[in-house]
Structures are given as C-alpha cells and as structure tokens.
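> what's the 3D shape of this:
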Amino acid sequence: MAKDASAQYKRHRFPAEIIAHAVRLYYRFPLSLRDVEDRLAERGIDVSFQTVAEWARKFGLKFAHQLRRLSRGSFADKWHLDEMVVSIKAKKYWLWRAVDANGYVLDALLQSRRNKRAVLRLMRKPLKSQGVTPRVIVTDKLRSYSTAKRQLMPGIEHRSHKGLNNRVENSHLPVRRRERRMMRFKSARQCQSFVSTHGQIANLFNLHRKHLTAADHRQLRAHANTTWREIALSIKA
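The predicted structure is shown next:
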C-alpha cells in the first residue's frame, strides 16, 4: 500500500503520509497555514505555508469526496437546516448547512440569496449525495423552508422552531472560528471549497458522543485514523 502511494505521489517532493498529515492538520484543527508550517517544522519537515496551501487545495476536496462516498446513507433520518451570514469583500452571502441529528454535516452551500430557490438547492444536495429522504427536517421560522419543503418533500414532517435547531446552529461554530483565524474568507470560491472539505473531514473525526467509555473513544479514534490513512494512500496525485 505504501509503495503504491509513493508511486501516486511521485511528482511531489514529500511522501503521501506527510502531505496527508498536513492537510489533516489544516482542516481538522483551527490552524492557519503558517501554524501548520510551524508544526511540521517541529518534526523536522521543512515546508512553506504556500506549499501547505497548495496541498490543501489539491488534495482536500479529493479526500472529502472519498469520505462522502464512504458515508453515503449512514446518517440519521432527522435533518437540521440553517443558514448564517458570511461577509466576503464587503458583500453579504449566506452559508447554508444541513446536519443530521448527531451533528454530522450532510452538506454546506454558499449562496448569495436567502429565499426559496436557495433552500431548494440546499435540500437537493444531501438528497442526491445520500440517496435517501429524511424522516423529519428541523428548521427555524424562515418561510422559505416551508415552501421549498412542500415542493420537494411534501410528505416529510417539518418542525419549524428556533429552539429546536441548536444542533445545526452549533455546527456553525467551527466555521466561525476558522473564519476569524483566516481573517475572513477571501472569495466565495475559497469559502465553498473550504466548507465542503472541512465538513467531511470533521465528520470522520467527530468522536464527541455521549456515554462513550475511554476504551470506546480510543477504538473509534483508531478507526478514524485508519480510514484517513487508507483514503490518503488511495488518492492519485
């Protein structure tokens, strides 16, 4: 496996393990590109933050695509939908997110509108990627959710209440932290690329579940690490 990975990454000066580790650091933790550069330097790996940025851009979405494929159909049937404001170069955008009842990110979509059409786009993405319909969706009181739901999923239960949607509102927090660490997103394209990748990697390492023993936590963490290594070694450069 390691030999195959070396061949796939032959056009890169660093081996697959280092590239995958750098990408994981950047998306897994609230670190800047220079932070990742410093942490690699602590291990004797001399790489610039510009190179880390290239790795994150080139391999991040590939890793996310593989993770999305592996998780297809495995999420809870209760979906939470919400939107938050993102300012990019003094222009207002809306970052729409769909998560399941356990906090796993189904999809994230940056749009310039906050209307029925935007909600329809948000709903269609997880329906297509997951291949299943939810049992119930939970939203705030934005009327566009109700009209879009009636058109796309008329038979699905819809609970519209601000207090019921803390699950997805809490899922905004990691993105907010990264937005501040990056001193705001530089473009709509960068923001969409980041949230699409970040959500899937965050899902893999989402181990904060209730009633887990220390042994269970270690087992889940080991499984997540193994999955990450397998994905990293299966990607072609």
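> count of neighbours near the closest residue to Val119 other than its chain neighbours?
Residue nearest to Val119 in three dimensions, not counting chain neighbours: Ala148, with 3.9 Å by C-beta to C-beta, 6 or more residues apart in numbering. In short, each C-beta sits where N, CA and C put it, glycine included. By the measure other C-beta atoms under 10 Å, the count of residues near Ala148 is 23.
> again with Gln200
25.
> that one should be in a strand, yeah?
No: under DSSP: H, G, I helix; E, B strand; the rest coil, Gln200 sits outside any strand and is assigned helix.
> how about the contacts made by it?
By C-beta atoms under 8 Å, 6 or more residues apart in numbering, the residues touching Gln200 are 63-64, 67-68, 71, 105.
> surely Phe205 meets Phe29?
No: shown here, Phe205 and Phe29 do not form a contact pair, counting by C-beta atoms under 8 Å, at 9.6 Å.
> ok, how many other residues are close to the nearest residue to Asn170 once chain neighbours are set aside?
Leaving aside its sequence neighbours, Asn170 sits nearest to Gly103 (C-beta to C-beta, 6+ apart; 7.2 Å). The number of residues packed near Gly103 is 17, by other C-beta under 10 Å.
> which secondary structure element contains Gly103?
For Gly103, there is no enclosing helix or strand under DSSP states H and E.
> could you pull up the residues touching the most centrally placed residue in the chain?
Centroid-nearest residue in the chain, with C-alpha atoms, centre = their mean: Gly199, separated by 1.0 Å. Taking C-beta under 8 Å, 6+ apart, we find Gly199 in contact with 64, 97, 105, 107-108.
> same thing with Val168?
Val168 neighbours (C-beta under 8 Å, 6+ apart): 80-82, 97-99, 138.
> switch to 10 Å and redo it
79-84, 96-100, 103, 105-106, 138-140 (C-beta atoms under 10 Å, 6 or more residues apart in numbering).
> could you measure from it over to Arg150?
Distance of Val168 to Arg150, given as C-beta to C-beta, to the nearest Å: 20 Å.
> swap in Ser144?
11 Å.
> ok, the two, which is more surrounded?
Ser144 (18 against 13).
> please name every helix or strand in contact with whichever strand or helix holds the more buried one.
For Ser144, the element it lies in under DSSP H and E is helix 143-152. In terms of contacts (3 or more C-beta pairs under 10 Å, 6 or more residues apart in numbering; DSSP states H and E), helix 143-152 is packed against strand 78-88, helix 116-130, strand 136-139, strand 157-160.
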